[in-house]
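1. Need the 3D shape of this:
(2 chains)
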Amino acid sequence: AQTVTQSQPEMSVQEAETVTLSCTYDTSENNYYLFWYKQPPSRQMILVIRQEAYKQQNATENRFSVNFQKAAKSFSLKISDSQLGDTAMYFCAFMRGAEEYGNKLVFGAGTILRVKS
Amino acid sequence: ETGVTQTPRHLVMGMTNKKSLKCEQHLGHNAMYWYKQSAKKPLELMFVYSLEERVENNSVPSRFSPECPNSSHLFLHLHTLQPEDSALYLCASSQGVASSYNEQFFGPGTRLTVL
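-> Numbers count the residues shown, from 1 in each chain, chains lettered A, B, ... in the order given. The predicted model follows:
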């Protein structure tokens, strides 16, 4: 079974600074996807960034980037120039890539990030 | 309304009550999901529906009964719940489940408290 581990229950960062959230996962699959989701205090979860396992290049979305280390099964999220609106719970998630697995997400426990002014 | 909506946003019920959670998606998607988010456990997938047919039932107790009358609506019927069922119940939808990747869009959730 696939598992996702987020070892940092809570983190804080000063506004405008950079923070990195950690995630490791365990799988025997070679074809899969990894995600970071953000859940602000209003509770609507949104996708932040996605990484396909077959791509060596790390995904980037504006101030959000990942460090994907496939051999180490590590998938960290870097947030640059942190903003107050980045305060949220961040979930790392895994999905097997083959069709028969039905688009199912496996989530980590989450990291609460607080951005301080 | 846009995206995925859920009603009610908050629900308090006794262990002998029967209630239903409603989810509606306005994205033209064909697949819908129920997740449970409790304080001490990661998000857990409960049910998956694709084209109104249940394709996944993740060992969920029978006191939770899903219903998907059409591709836009998903219900979770609740009866004889336990206090440990208190959690945030999230609904999500995606274009489908039968291709290699379909992004899931989440609703705001229903905060359920069982007394």
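
2. Who are the contact partners of the spatially most central residue of chain A?
-> For chain A, the residue nearest the mean C-alpha position is A:W36 (2.8 Å; CA atoms, centre = their mean). Neighbour list for A:W36: A:21, A:23, A:47-49, A:64, A:66, A:75, A:77, A:90-93 [criterion: CB atoms under 8 Å, 6 or more residues apart in numbering or on different chains]. Heads up, the C-betas are built off the backbone N, CA and C, glycines and all.

3. can you tell me which of those are up against chain B?
-> Here is what survives when the contacts of A:W36 are matched to chain B using CB under 8 Å from any CB of the partner chain: A:47, A:91.

4. Drop anything exposed from the contacts of A:W36.
-> Among the contacts of A:W36, those buried by neighbour count (16 or more other CB atoms under 10 Å in any protein chain shown) are A:21, A:23, A:48-49, A:64, A:66, A:75, A:77, A:90-93.

5. just to revisit the earlier point, in helices, which of the contacts of A:W36 fall?
-> The helices, defined by DSSP state H, take in nothing from these.

6. Any residues of chain A in contact with chain B? List them.
-> Counting by CB under 8 Å from any CB, chain A sits next to chain B at A:4, A:31, A:33, A:37, A:42-47, A:50, A:52, A:91, A:95, A:97-99, A:102-110.

7. Of the residues you listed, select the buried ones using a PyMOL command.
-> Selection of the buried residues among the residues of chain A next to chain B in PyMOL, burial being defined by 16+ other CB under 10 Å:
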select buried, chain A and resi 4+33+37+43+44+45+50+52+91+95+97+102+103+104+105+106+107+108+109+110
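
8. Tell me which of the residues of chain A next to chain B fall in strands.
-> Within the residues of chain A next to chain B, residues falling in strands by DSSP state E are A:4, A:33, A:37, A:46-47, A:50, A:52, A:91, A:95, A:105-107.

9. Of the residues you listed, which pair is most distant in space?
-> A:I46 and A:E52 (19.2 Å; CB to CB).

10. Tally up the residues packed near residue 115, please.
-> Went with chain A since none was named. Neighbours of A:V115 under the rule other CB atoms under 10 Å in any protein chain shown: 20.

11. Can you look at chain B instead?
-> 10.

12. Give the closest residue to it in space, chain neighbours not counted.
-> B:G14 (5.4 Å; CB to CB, 6 or more residues apart in numbering or on different chains).

13. Pull up the gap between the one you found and B:D85, please.
-> Separation of B:G14 from B:D85 (CB to CB, to the nearest Å) stands at 12 Å.

14. Between the two, which contacts overlap?
-> Contacts common to B:G14 and B:D85, judged by CB under 8 Å, 6+ apart, are B:V114.

15. Of these two, which one has the most company?
-> Neighbour totals were compared for B:G14 and B:D85, and B:D85 leads with 19 against 9 (other CB under 10 Å).

16. For that one, which residues are in contact?
-> B:63-64, B:78, B:112, B:114.

17. Right, I'll call it a day here.
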